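1. got a predicted structure here, sequence first:
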Amino acid sequence: MKYTLLLSIFLLTSCVANQNRRSIEKVIAHQASENKHFSDKEKTILTEDDFEHFSGLEFYPIDLKYSVKAKFVRTPNEVPFLMPTTTDRLPEYVKYGEAHFIIDDKELELALYQSTTPYDEEGYEDYLFLPFTDLTSGDGSYGGGRFLDARIPKGNKIIIDFNKAYNPYCAYNHKYSCPIPPKENDLLVRIEAGVKAFNDH
């Protein structure tokens, strides 16, 4: 009986360790992909001056505390709305659902939005958009907030990994028009994960 219990604990610990390693590897790959995109002269969104001096984005240390398994709540019958941006552009979104989770013993909630305009590219039919601000906004991360991408979950759970949080384009180049995170997605906690502010923009 004791041997069986010890074996079960060992297997469970190994499983968790493997899951954590895979999660970290995915974040590292994501960060490498971001830097590759910014370093590509043909694809970069950086200004000429910033590109000339670019040596890589700065990220918070990877911390799996900020990769949370959230409760997903579908919110049907929402009314589409025009999301404000940093310009006069007003893209239309609809609130698709909510993610409920806990960080630092605080119960938090994020709204997930879906564009009402179909995407040109295939494979984005189940794409959800998570713009947010937190207590690092303007104090370590970009003051205008950061973004996350997600896919419509099949059940009532969804993984929110803030280690993959990225800046809107206008954090790097003011010629871009970027959505402004709605007030309901202002998290009253420091999310020290994901990309940091760029050159204090």
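-> Cool, the structure landed. Numbering: from 1, shown residues only.
2. I figured Arg190 hits Ser137, correct?
-> No. Under the criterion of CB atoms under 8 Å, Arg190 makes no contact with Ser137, lying 9.6 Å away. C-beta: built from backbone N, CA, C; applies to glycine.
3. the more surrounded of these two?
-> Counting neighbours by other CB atoms under 10 Å for Arg190 and for Ser137 shows that Ser137 has the greater number, 20 against 16.
4. give me the pLDDT value at the more buried one.
-> pLDDT recorded at Ser137 is 98.
5. distance of Pro118 relative to Tyr127?
-> Distance, Pro118 to Tyr127, by CB to CB, to the nearest Å: 11 Å.
6. please say which of these two ends up with more neighbours.
-> Tyr127 (14 against 8).
7. how about the contacts made by the residue nearest the centre of the chain?
-> Nearest to the mean C-alpha position of the chain, by CA atoms, centre = their mean, lies Leu148 at 2.4 Å. Going by CB atoms under 8 Å, 6 or more residues apart in numbering, Leu148 touches Leu130, Pro131, Phe132, Ile160, Asp161, Phe162, Lys164, Ala165, Tyr166.
8. between those, which is nearest Arg21?
-> In terms of CB to CB, no member of these lies closer to Arg21 than Asp161, at 14.5 Å.
9. grab the nearest non-local neighbour of the closest one.
-> Counting by CB to CB, 6 or more residues apart in numbering, Asp161 lies nearest to Ser67, which is 4.2 Å off, once chain neighbours are set aside.
10. quick one, what contacts the one you found?
-> Taking CB under 8 Å, 6+ apart as the test, what Ser67 contacts is Ser23, Ile159, Ile160, Asp161, Phe162, Asn163.
11. 7 Å instead, please
-> Residues near Ser67 by CB atoms under 7 Å, 6 or more residues apart in numbering: Ser23, Ile159, Asp161, Asn163.
12. widest-spaced pair of the contacts of Leu148?
-> Pro131 and Asp161 (15.5 Å).
13. any chance of the contacts of Leu148 in CSV, plus neighbour count?
-> Converted to CSV, the contacts of Leu148 look like this (neighbours: other CB atoms under 10 Å):
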residue, neighbour count
Leu130, 20
Pro131, 22
Phe132, 22
Ile160, 22
Asp161, 19
Phe162, 23
Lys164, 23
Ala165, 26
Tyr166, 18
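14. among those, which are in strands?
-> Judged by DSSP state E, strands contain the following of these: Leu130, Pro131, Phe132, Ile160, Asp161.
15. among those, which one lies nearest to Met83?
-> Pro131 (8.1 Å).
16. need the next SSE after the longest strand seen in the chain, C-terminal direction.
-> Ordering each strand of the chain by length in residues (DSSP E) puts strand 92-103 first. Per DSSP states H and E, strand 92-103 leads on to strand 106-115 as the next helix or strand towards the C-terminus.
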